[in-house]
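Chemist: here is my input; please provide its structure:
(one chain, ligands or ions: 2)
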Amino acid sequence: MFDAFDAPGQWLRGNLHLHTTVSDGELTPQEAVDGYSAQGYDFLAITDHDRVVDMDELNNQGMTLLHGVEIAPPGAELGQTVHCVGIGASEVPEKREDDTPQAAIGRLSEICEACFVAHPSWSSVTFADILPIEGIIGVEVYNHTCHTGIGRGLSEVQWDDLLARGKRFFGLGVDDAHCHYNDLYGGWIMLKAQEPTREAIFAALRAGHFYASQGPTIESVQFGEETVLVECSPAVECFAVCPMPGSGSTNWRTSDVREARTSYELPLRAGTDPVRVCIVDEAGRRAWSNPCWRS
Ligand SMILES: [Zn+2]
Ligand SMILES: [Zn+2]
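Modeler: Ligands and ions are numbered 1, 2, ... in the order given. Here you go, the predicted model:
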């Protein structure tokens, strides 16, 4: 059973990382809400740097609005800061002189509903930085502004490295839009929730009932004894990625696909765990399921 796809509920499209004029973005909070609503999004978090926007003061335009914040404690292995997004935070955690990323993010996790590490690739944040952090649900596998800005939006390698070290981390797709250039509506999650309320969205986030996308849709992922069956919007490639502790190369991909298909069946070796699925459409855009831990 793969809860994200098998659980009852409705699919909701949302962006959980976004900046406004309250920190270093170009859109006002209301302009941002208006824009995402016009694009058909169901939920949105504004996550300004070290500031929480009061989402209850905005016209929600039919969306579920979530409070959020991004913090960036220093001390990463390669000299950068470790950016972390806290969803459902109603305040900003205090900064302390001798903070470590682990301590600062730990305090954030205590005052929010779901925390994740932002853009590992852009920050050159390594698995060694992320491994000791407690209280996070995962990492951004795709950050649209980091891709659009400098070509470092993908963090699949860091995610798989952490999975192979035994971390049960989910992968999120986000815009992180600042609107200094074209960085809106390019990365999101599709989340399966019982209802479009804050509480149901928080619960689905913590349970990993979502997948990340740049465009394609994953309709279902079903595991058999030695196969995984994927149904999706038209895709030219499909991978079953198995970052399994103790195993080296454990990936499967489709071979020699001539035209886009909407269903793929991939072989799996018995005992492979965890497994995540990635599809690629004709434009090269990806969607990533969360890992399924089969044991
Ligand atoms: Zn950031
Ligand atoms: Zn950001």
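Chemist: ok, now which ones touch the residue of the stretch 51-200 of the chain found nearest ligand 2?
Modeler: Proximity of the stretch 51-200 of the chain to ligand 2 (Cβ to the ion) peaks at residue 176, 4.3 Å away. (Each C-beta comes from the backbone N, C-alpha and C, glycine too.) Residues counted as contacts of residue 176 (Cβ atoms under 8 Å, 6 or more residues apart in numbering) are 17, 18, 19, 118, 119, 140, 143, 144, 145, 146, 183, 187.
Chemist: hmm, residue 278 and residue 239 touching each other?
Modeler: Yes: at 4.5 Å, residue 239 counts as touching residue 278 under the criterion of Cβ atoms under 8 Å.
Chemist: higher neighbour count, these two?
Modeler: The neighbour comparison of residue 239 against residue 278 (other Cβ atoms under 10 Å) goes to residue 278, with 24 against 19.
Chemist: buried stuff in the longest strand along the chain?
Modeler: When the chain is parsed with DSSP state E, its longest strand is strand 227-235. Neighbour-count burial for strand 227-235, with 16 or more other Cβ atoms under 10 Å as criterion, is recorded at 228, 230, 232, 233, 235.
Chemist: over to stretch 24-31?
Modeler: Quick answer for stretch 24-31 (16+ other Cβ under 10 Å): 25, 27, 29.
Chemist: any weak-confidence spans in the chain?
Modeler: 1-2, 248-251, 254-257 (pLDDT under 70).
Chemist: could you chop it up by domain?
Modeler: Listed by automatic domain parsing, the domain ranges of the chain are 3-211, 218-289.
Chemist: near ligand 1 at all, the longest one?
Modeler: Pointing back at domain 3-211 there. Yes: against ligand 1, domain 3-211 shows contacts by Cβ under 5 Å from the ion at 83, 118.
Chemist: endpoint to endpoint, that domain covers what distance?
Modeler: Taking Cα to Cα, to the nearest Å, domain 3-211 runs 11 Å from one end to the other.
Chemist: how far off centre is that domain?
Modeler: Distance, stretch centre to chain centre, for domain 3-211: 7 Å (Cα atoms, centre = their mean, to the nearest Å).
Chemist: now swap in the last one and tell me
Modeler: For domain 218-289, the distance between its averaged C-alpha position and the chain's averaged C-alpha position is 18 Å (Cα atoms, centre = their mean).
Chemist: centroid residue for this protein?
Modeler: The structure's the chain has its C-alpha centroid closest to residue 172; by Cα atoms, centre = their mean the separation is 0.6 Å.
Chemist: in a helix, that residue, correct?
Modeler: No: the assignment for residue 172, made by DSSP: H, G, I helix; E, B strand; the rest coil, is strand rather than a helix.
Chemist: what is the nearest of the buried residues of stretch 24-31 to residue 39?
Modeler: Taking Cβ to Cβ as the measure, residue 39 lies nearest residue 27 of the buried residues of stretch 24-31, at 13.1 Å.
Chemist: now that closest one: how far from ligand 1?
Modeler: 17 Å (Cβ to the ion, to the nearest Å).
Chemist: do the same with residue 179
Modeler: Residue 179 is 15 Å from ligand 1, by Cβ to the ion.
Chemist: contacting residues for the closest residue in space to residue 269 that isn't next to it in sequence?
Modeler: The shortest distance from residue 269 to any non-neighbouring residue, by Cβ to Cβ, 6 or more residues apart in numbering, is to residue 226 (7.2 Å). Residue 226 is in contact with 267, 268, 269, 270, counting by Cβ under 8 Å, 6+ apart.
Chemist: now do the helices in this protein.
Modeler: 3-6, 29-38, 101-110, 120-123, 127-130, 144-150, 156-164, 198-207 (DSSP state H).
Chemist: which one of those has the most crowded surroundings?
Modeler: Stretch with highest mean neighbour count among these: helix 120-123 (a mean of 24; mean count of other Cβ atoms under 10 Å).
Chemist: these two touch, right, residue 15 and residue 188?
Modeler: Yes: counting by Cβ under 8 Å, residue 188 is a contact partner of residue 15 at 5.2 Å.
Chemist: identify the contacts common to these two.
Modeler: 41, 174, 175.
Chemist: in JSON lines: the residues you listed, plus neighbour count and distance to residue 98.
Modeler: Shown next, in JSON lines, are the shared contacts of residue 15 and residue 188 (neighbours: other Cβ atoms under 10 Å; distance: Cβ to Cβ, whole Å):
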{"residue": "41", "neighbour count": "20", "distance to residue 98": "40"}
{"residue": "174", "neighbour count": "29", "distance to residue 98": "30"}
{"residue": "175", "neighbour count": "25", "distance to residue 98": "33"}
